[in-house]
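Chemist: Need a 3D model of the following:
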Amino acid sequence: MDTGVLISDFTTYPFDSDRHARAVARMNWLHSQYKISNDDKLYTLSVFVTVPQRWLEKYEWRPLTDLEIAVSPPGPALPTQLTCPGVVDSMARNRVSNEH
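Modeler: Residues are numbered from 1 along each chain as shown. Predicted coordinates for the structure are as follows:
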């Protein structure tokens with residue numbers, strides 16, 4: 001299954017939908033086949049979340065609204081669904097380190 005389809009499914013469909021649950025389960029299974037440290041998972045997730053928003057803040061013709069920021073993928077529950085413990089502290093640290 002294509003990564004783009006999985007990401008689209010778990011960022012487009014409601015968290016309680018079957019399609020979202022299957023996409024997250026498939027992503028977890030795919031990642032379980034490799035020895036990926038939690039830090040690497042957290043870093044990748046933080047880039048996925050923070051870089052697009054930062055790019056829009058820098059180049060978009062207007063600032064993002066609070067609503068656009070609040071509903072932007074991947075949503076607050078996704079890190080836990082993707083089995084990434086410690087995501088809240090890590091996201092804040094990685095946002096700062098990704099700015100360089």
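
Chemist: Please make it C-alpha for all contacts and neighbour counts, starting now.
Modeler: Will do.

Chemist: Residue 23 is in contact with residue 9, correct?
Modeler: Yes. Counting by Cα atoms under 8 Å, residue 23 is a contact partner of residue 9 at 6.1 Å.

Chemist: packing partners for the longest helix anywhere in the chain?
Modeler: Secondary structure of the chain per DSSP state H: the longest helix is helix 38-59. Where contact means 3 or more Cα pairs under 8 Å, 6 or more residues apart in numbering; DSSP states H and E, helix 38-59 is packed against helix 87-98.

Chemist: averaged over its residues, what pLDDT does the helix it packs on have?
Modeler: Average pLDDT, helix 87-98: 53.

Chemist: tell me the domain boundaries of the chain?
Modeler: Listed domain ranges for the chain are 1-34, 36-100 (source: automatic domain parsing).

Chemist: Can you give me the buried ones in the helix or strand that contains residue 31?
Modeler: Assigned by DSSP states H and E, residue 31 belongs to helix 18-32. For helix 18-32, a neighbour-count test (16 or more other Cα atoms under 10 Å) marks 19-21, 23-24, 26-27 as buried.

Chemist: likewise stretch 51-70?
Modeler: residue 53.

Chemist: What is the end-to-end distance of it?
Modeler: From its first residue to its last, stretch 51-70 covers 15 Å (Cα to Cα, to the nearest Å).

Chemist: List phi and psi for residue 17.
Modeler: With angles defined as degrees, to the nearest 10, residue 17 sits at phi -90, psi 160.

Chemist: Could you report the neighbour count for it?
Modeler: 11 (other Cα atoms under 10 Å).

Chemist: Give me the below-cutoff pLDDT ranges for this protein.
Modeler: Applying pLDDT under 70 to the chain flags residues 1, 71-100.

Chemist: so residue 70 is in which element?
Modeler: Using DSSP H and E, residue 70 sits within helix 66-71.

Chemist: which other helices and strands contact that helix?
Modeler: Right, helix 66-71 is packed against no helix or strand by 3+ Cα pairs under 8 Å, 6+ apart.

Chemist: Can you classify residue 34 by secondary structure?
Modeler: When classified by DSSP: H, G, I helix; E, B strand; the rest coil, residue 34 comes out as coil.
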